[in-house]
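**Q** model this:
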Amino acid sequence: MTSYTLQYCPIVVDDVDSAVTFYRDALGLEVRGDVGSDGHRWVTVGFPDLAAPEIVLSDAGAGRPEEDAEVLRRLLAKGLFGPYVLVTTDLQAAFDRVVEADAEVIQEPKDQPWGPRDFALRDPAGNIIRVNQAS
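**A** Okay, the predicted model is just below:
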């Protein structure tokens with residue numbers, strides 16, 4: 001049987017620098033790569049002590065036709081991307097970190113009827129991030 005793992009998860013943002021600051025400072029990810037081409041950037045961030053998966057932050061026009069980029073910009077402006085779900089072993093410490101980083105919290109930690117204890121926030125571009133307590 002063939003096995004797979006997720007290597008990259010692309011996340012579209014409207015300001016790559018703001019996104020890098022958020023994912024680094026509020027979520028504790030580390031910058032692993034920063035590639036520019038034709039006026040666009042792809043910045044790869046990852047979780048300490050894990051080789052994969054990695055998140056690739058880029059603007060809507062990076063590697064896409066302008067027509068598609070415009071559609072993505074409109075969807076991004078409406079906050080329609082996500083939720084991207086992360087898991088942590090210490091939910092309260094993760095929540096304290098995002099609060100300290102002045103991230104936009106949209107739900108404080110709580111036990112969910114579908115199982116996990118989690119909280120939710122938005123990155124600077126409006127993408128929804130949920131953080132679950134590891135079981």
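**Q** which other residues reach the helix ranked longest in the chain?
**A** Longest helix of the chain, by residue count under DSSP state H: helix 66-77. Here helix 66-77 makes contact (Cβ atoms under 8 Å, 6 or more residues apart in numbering) with Val12, Val13, Asp14, Asp59, Ala60, Gly61, Arg64, Phe81, Ala125, Gly126, Asn127. Heads up, the C-betas are built off the backbone N, CA and C, glycines and all.
**Q** One more pass at 10 Å, please.
**A** Contacting residues not belonging to helix 66-77 are listed as 11-14, 40, 59-65, 80-81, 125-127 [Cβ atoms under 10 Å, 6 or more residues apart in numbering].
**Q** for stretch 33-41, same thing?
**A** In contact with stretch 33-41 (Cβ under 10 Å, 6+ apart) are residues 13, 16-17, 19-20, 42-46, 54, 56-64, 69.
**Q** What residues sit buried inside it?
**A** For stretch 33-41, a neighbour-count test (16 or more other Cβ atoms under 10 Å) marks His40, Arg41 as buried.
**Q** Surely Phe81 forms part of a helix?
**A** No - per DSSP: H, G, I helix; E, B strand; the rest coil, Phe81 lies outside any helix segment and is coil.
**Q** Could you check how far it is from Asn127?
**A** For Phe81, the distance to Asn127 equals 5 Å [Cβ to Cβ, to the nearest Å].
**Q** any common contacting residues for these two?
**A** Ile11, Val12, Val13.
**Q** would a markdown table of those residues with distance to Ala120, pLDDT and secondary structure be doable?
**A** Formatted as a markdown table, the shared contacts of Phe81 and Asn127 follow (distance: Cβ to Cβ, whole Å; pLDDT from 0 to 100; DSSP: H, G, I helix; E, B strand; the rest coil):
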| residue | distance to Ala120 | pLDDT | secondary structure |
| --- | --- | --- | --- |
| Ile11 | 15 | 97 | strand |
| Val12 | 19 | 97 | strand |
| Val13 | 18 | 97 | strand |
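**Q** burial count for Arg117?
**A** Look at Arg117: counted by other Cβ atoms under 10 Å, it has 15 neighbours.
**Q** Name the secondary structure element that contains Lys110.
**A** According to DSSP states H and E, Lys110 maps onto strand 104-111.
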